[in-house]
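Student: Below is the sequence, then the predicted model.
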Amino acid sequence: MDGHSCSRRRLSHCYNVPIRRQRNSRLSLRGRLLVSILATLLLSLIAGGAFTYWHAVAKIETEMNAAIVVGSRIARNAVDDWEEATDPARRLALLIADFEGDRHLRAMLVGPDGKVVHASRVAQAETPAPAWLVSLLAAPAKQAKMDLPAVFDRFGTVVLQTDPRNEVAEVWSDMWLTLSVLTIFCALVLAFIYWTLATTIRPLNNLTSAFARVGGGDYRERLTERGPRELKRLSQSFNQMIERLARAEAQNKRLQQQLTSVQDEERADLARDLHDEIGPLLFAADVDAVAIEQLAKAGEYEAIPHRVGIIRDAIGRMQKHVRDILGRLRSAMLLDVGLAHAIDNLVAFWRAHRPKLAVSVDVPEESFGEAIDGTIYRIVQESLSNAVRHGSPTAISIVVKAGADGSIDIRVTDDGGGLKAGNGGSGYGIIGMQERVATLGGRLDISNNHDGQGVVVSAHLPAPAPSAAARTYETHEATLQ
């Protein structure tokens, strides 16, 4: 089949392959990969943010609890020597001052009336955290009232209160550092992946363009075989495919030219046969018909039967030639009478044209099936035609044998001039035989005789595989037995 005879619209009918129309994706392969990787990184950042949040909350809670415990211990230690205190008020003021600049605690002296008399100031962070982050991470401030000796009761009560802002600021600083590192990491990963995809997909874009040009009929396209191992193998396979397509296209053109040449030769042969064989007979019949007319006018009726016999003989000879021509034009129909009889008719045709040619035939009477019979007949037909036309043989042998395993061997031998150098099987007929034999899974060999006289055409056809229906029938028969 000519590859150019199938348009894309009818491609599925030519090759029995359904064509599915696919919608073009809005994103390219590179875009889809980048979006997938970006989504993965974003999900990783979200998961890392959630983990960091819970870790920060737990850390701040632990630090605040520890600050309360340590601060309470410091306050109790400060008033352990209350018996030696000569000025309890000043001792409490010094206690509050001890907490000045603490990062997590604020100490307050609350008077008996509930007012704050003294209060320490919490140290200020160098980079304060935003208020929303403090409210998000920190729990409400914790307070602890100190149990002081009774001598201090009239001056008030010491209260310790947590202040998580410095701890949140520290978490905020760590988060900024971690976020910066992750951002740089993600940016580098995306950049590296983008570069990798750009260098990897570029050959695929070249392959797409190459396929488009090949689809337009340009079989000179070749890909550079380099890059990663997978892409290199893909390029090698593409180049091999294009080389095969180019060879098939060239062979297809040669076959078309040879077919046209063979058709022209067949037409010329038919025209020559009609002119050389049928033409003289028609002319002779016309002459005899005119003679009959003249004899009838002259009243010489006794001579008319002789002329009629001559015309009938000419018509019979014309019918024979017409049958021969029809046999050449429609040789496949001869298989309706059986393979052996069809080959006998073929041999009879060539004997009529070459009376001195001796042809021996050894063909079984049974049929091997329509496809196999047709292939055998075509092999014998082409071998006979080539031998008579090109080899000038005096004897031809035709042998068809069926093996015990169901295989079939065909052998056609002649004693003609043999194959000429450089012409060992490039003709259209030989290619046709090779294709028919290959379709049945067999092999065809064409070579000169061992003594150099004549050509041997041998073909081997394997046993045909049983059909599904036959296998089912055989299984059923075996079950019944």
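Tutor: Yep, it's here.
Student: Which residue ranges of the stretch 101-250 of the chain form strands?
Tutor: For the stretch 101-250 of the chain, the strands defined by DSSP state E, counting those that start in this stretch occupy 105-110, 116-119, 143-145, 157-162.
Student: What mean pLDDT does the first one get?
Tutor: In this model, strand 105-110 has a mean pLDDT of 88.
Student: hang on, the earlier thing: so can I have a markdown table of the strands of the stretch 101-250 of the chain showing mean neighbour count?
Tutor: C-beta here means a position set from N, CA and C on the backbone, and glycine is covered the same way. Converted to a markdown table, the strands of the stretch 101-250 of the chain look like this (neighbours: other CB atoms under 10 Å):
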| stretch | mean neighbour count |
| --- | --- |
| strand 105-110 | 20 |
| strand 116-119 | 16 |
| strand 143-145 | 13 |
| strand 157-162 | 22 |
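Student: Would you tell me which of those gets closest to Glu243?
Tutor: With CB to CB as the criterion, Glu243 lies closest to strand 157-162 of the strands of the stretch 101-250 of the chain, at 81.2 Å.
Student: what's in contact with the closest one?
Tutor: Strand 157-162 is touched from outside by 64, 67-68, 71-72, 75, 92, 95-96, 99, 104-110, 141-146, 148, with contacts defined as CB atoms under 8 Å, 6 or more residues apart in numbering.
Student: go with 7 Å
Tutor: 64, 67-68, 71-72, 75, 92, 95, 104-110, 141-146, 148 (CB atoms under 7 Å, 6 or more residues apart in numbering).
Student: And stretch 350-361, by the same measure?
Tutor: With contacts defined as CB under 7 Å, 6+ apart, stretch 350-361 is touched by Ile343, Asp344, Val347, Leu384, Val388, Pro393, Thr394, Ala395, Ile396, Ser397, Ile398.
Student: Tell me the one of those residues nearest Leu274?
Tutor: After measuring these against Leu274 - CB to CB - the closest member comes out as Val388, at 20.3 Å.
Student: Could you count how many residues lie near the closest one?
Tutor: 18 (other CB atoms under 10 Å).
Student: Make 43 the starting number, not 1.
Tutor: Sure, I'll start counting at 43 from here, so that last one is Val430.
Student: right, and the secondary structure at it would be what?
Tutor: Going by DSSP: H, G, I helix; E, B strand; the rest coil, the secondary structure assigned to Val430 is helix.
Student: Check the one 10 residues further on too.
Tutor: When classified by three-state DSSP, Ile440 comes out as strand.
Student: Can you add pLDDT and distance to Ile320 and give the contacts of stretch 392-403 back as TSV?
Tutor: Below are those laid out as TSV (pLDDT from 0 to 100; distance: CB to CB, whole Å):
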residue	pLDDT	distance to Ile320
Ile385	88	26
Asp386	88	25
Val389	88	23
Leu426	88	24
Val430	85	22
Pro435	89	28
Thr436	90	29
Ala437	92	31
Ile438	93	28
Ser439	94	33
Ile440	94	30
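Student: Restrict these to the buried ones and give me that as a PyMOL selection.
Tutor: Here is the PyMOL command that picks out the buried ones among the contacts of stretch 392-403, judged by 16 or more other CB atoms under 10 Å:
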select buried, resi 385+386+389+426+430+435+438+439+440
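Student: Pick the one among the contacts of stretch 392-403 closest to Gly474.
Tutor: Gly474 has its nearest neighbour among these in Leu426, at 14.4 Å by CB to CB.
Student: can you pull the contacts of Leu312?
Tutor: Going by CB under 7 Å, 6+ apart, Leu312 touches Ile367.
Student: Am I right that Leu486 sits in a strand?
Tutor: Yes. The assignment for Leu486 by three-state DSSP puts it in a strand.
Student: And the pLDDT for it?
Tutor: Leu486 is assigned 92 on the pLDDT scale.
Student: how near is it to Ala394?
Tutor: 28 Å (CB to CB, to the nearest Å).
Student: more neighbours, the two?
Tutor: A direct count of neighbours by other CB under 10 Å for Leu486 and Ala394 places Leu486 higher, at 19 against 12.
Student: Spit out the contact partners of the more buried one.
Tutor: So Leu486 contacts Met475, Gln476, Val479, Ala501 (CB under 7 Å, 6+ apart).
Student: Could you do Leu190 as well?
Tutor: Val121, Val200.
Student: How confident is the prediction for it, by pLDDT?
Tutor: For Leu190, the predicted pLDDT is 75.
Student: do Met43 as well
Tutor: Confidence at Met43, expressed as pLDDT, is 41.
Student: what does Leu312 give?
Tutor: Leu312 is given a pLDDT of 79.
Student: Tell me the secondary structure at it.
Tutor: Of the three states, Leu312 takes helix under three-state DSSP.
Student: one step back: just the contacts of Leu486: which are in helices?
Tutor: Under the assignment DSSP state H, those contribute Met475, Gln476, Val479 to helices.
Student: Please name the nearest non-neighbouring residue to the last one.
Tutor: Put plainly, it is Val479. Leu486 (4.4 Å; CB to CB, 6 or more residues apart in numbering).
Student: Look up how far Met188 lies from that neighbour.
Tutor: Distance from Leu486 to Met188, counting by CB to CB: 112 Å.
Student: what's the answer for Arg72, then?
Tutor: Distance, Arg72 to Met188, by CB to CB: 67 Å.
Student: What of Arg74?
Tutor: Using CB to CB, we find Arg74 at a distance of 65 Å from Met188.
Student: got it, and Ile438?
Tutor: Using CB to CB, Ile438 is found at 129 Å from Met188.
Student: Ser277 too?
Tutor: For Ser277 relative to Met188 (CB to CB), the value is 82 Å.
Student: neighbour-wise, which of these two wins?
Tutor: Neighbours were counted for Ser277 and for Met188 using other CB under 10 Å; Ser277 has more, 20 against 17.
Student: From the structure, what's the count of residues near Trp218?
Tutor: Counted with other CB under 10 Å, the neighbours of Trp218 add up to 11.
Student: And the pLDDT at it?
Tutor: 84.
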